[in-house]
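J.: sharing a sequence plus its predicted fold:
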Amino acid sequence: MIDLCCSAYELNLRRSLTKKTTPSFSKHFRFERLTDGVYAAIHIDGGWGICNAGIVDLGDLTLVFDTGLTPEAGRDLHASALALTGKEPDYVLMSHYHKDHIRGSQAFAEAMAVSTTRTRRLIATLGQDELEADRENAPERVETMKAFAQSRDPEKVSQATLFLPYWQGILATSPETKLRLPELTFRNQLTFHGNQRSAVLIETSWGHTESDCMLLLPQDGIVFCGDLLFVRGHPYLGDGDPESLLSILAKLKNLKTRTYVPGHGPAGNKEDLDKMALYIRTLIEQTHNVLAKGGTEEDATMEPVPEPFADWILAQPFYEFNKRFLYGRLTRPSAK
């Protein structure tokens, strides 16, 4: 039952969704109703969520998929889940170990955190190392991004649009941020059975990272992809295997699914899977061509962004980084 003494935030959010307008009550997310009881929380530029998230009402269970970069964004998401479902979330699902998807989870104290077994290990090791490095580096990164924001270079200004609030959020919430390790882990697949719908967590290996999971709602034709999919933005390839990711994208396309919620960007469809696959293949082909001409890593990074992706966000720093990553992979002895 919905608490009649809910906050003004919750009441306003319900009213705005009932009117099918975009709610403006969260500075971190906008909420898109995909079907009854299923919402995509799409990151707002300038907010401290950074990644997308999902809220799924199974009837007698409520799931939240990913929680954003900061505890503050997590609290916003928690309040929104309460407002939209009238219930305390039961499970918080972590798609992978990257910080922008997990650090808001501490705002869900009453929910059980869930990830793949390997993701839990990565949070405890690489995630902890990154948290400590962020605490040390955030002040300098904020100043760098402030300088970028004042630059006459449009690429630096574009980079600052996302990464200034990113580092400001990390800096502001660093004293309270604690990494949460999942209490429940799984391998391969985990199904949640509610009295209105079921949801399936599916593990993939060496896609975006060593271990990712997606959340499939088979009755609704919806899948929350995490960072296995970026829509209208350059994906980050550096912690995975591009060839494996291409295979995962093909499997996603074969699902009987109409809506694909990415880790970053607006909700997409099967065409967006094709566009991301084309991006990966294009960059691999570019890098092969550089190597065939005897070019260096710097030569690979100097090529302009290919036309199909010229208006995608995150060109800086991901495009250059991806080209360096692919050059390194293709020049390793094992890749020859």
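T.: Nice, I can see it. Numbering: from 1, shown residues only.
J.: use CA for all of it now, contacts and neighbours both
T.: Fine.
J.: in stretch 185-197, which residues are buried?
T.: Buried residues in stretch 185-197, counted by 16 or more other CA atoms under 10 Å: 185, 186, 190, 197.
J.: from these, which is closest to residue 212?
T.: residue 186 (11.5 Å; CA to CA).
J.: and the closest one, what does it touch?
T.: Counting by CA atoms under 8 Å, 6 or more residues apart in numbering, residue 186 touches 114, 115, 116, 117.
J.: on the pLDDT front, check it for me.
T.: As predicted, residue 186 sits at a pLDDT of 98.
J.: where does residue 275 fall, phi/psi-wise?
T.: Reported as degrees, to the nearest 10, the phi and psi values for residue 275 are phi -70, psi -40.
J.: please, where are all the helices along the stretch 151-300 of the chain?
T.: Listed in chain order, the helices of the stretch 151-300 of the chain (DSSP state H, counting those that start in this stretch) span 154-173, 242-254, 270-292, 297-302.
J.: what's the longest one packed up against?
T.: Other helices and strands packing on helix 270-292, by 3 or more CA pairs under 8 Å, 6 or more residues apart in numbering; DSSP states H and E, are strand 222-230, helix 242-254, helix 297-302, helix 315-331.
J.: model confidence over the second one, on average?
T.: Read it as helix 242-254. 97.
J.: packing partners of it?
T.: Against helix 242-254 (3+ CA pairs under 8 Å, 6+ apart) you get strand 222-230, helix 270-292.
J.: buried ones in the longest one, by neighbour count?
T.: It stands for helix 270-292. Result for helix 270-292 [16+ other CA under 10 Å]: buried residues 270, 272-273, 275-277, 279-280, 283-284, 286-288, 290-291.
J.: of the residues you listed, closest to residue 309?
T.: residue 279 (7.5 Å).
J.: right, and the closest one touches residue 309 too?
T.: Yes: using CA atoms under 8 Å, residue 279 is in contact with residue 309, at 7.5 Å.
J.: quick one: the strands in this protein, in order.
T.: Secondary structure of the chain (DSSP state E): strands located at 29-35, 38-43, 53-57, 62-65, 91-93, 112-116, 184-186, 189-193, 198-205, 211-217, 222-230, 259-264.
J.: picking up where we left off before, now the helices and strands packed on helix 242-254 as JSON lines including distance to residue 76 and mean pLDDT?
T.: As requested, these are exported to JSON lines (distance: least, CA to CA, whole Å; pLDDT from 0 to 100):
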{"stretch": "strand 222-230", "distance to residue 76": "19", "mean pLDDT": "98"}
{"stretch": "helix 270-292", "distance to residue 76": "28", "mean pLDDT": "97"}
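J.: want to throw these into TSV with distance to residue 148?
T.: Converted to TSV, the helices and strands packed on helix 242-254 look like this (distance: least, CA to CA, whole Å):
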stretch	distance to residue 148
strand 222-230	24
helix 270-292	27
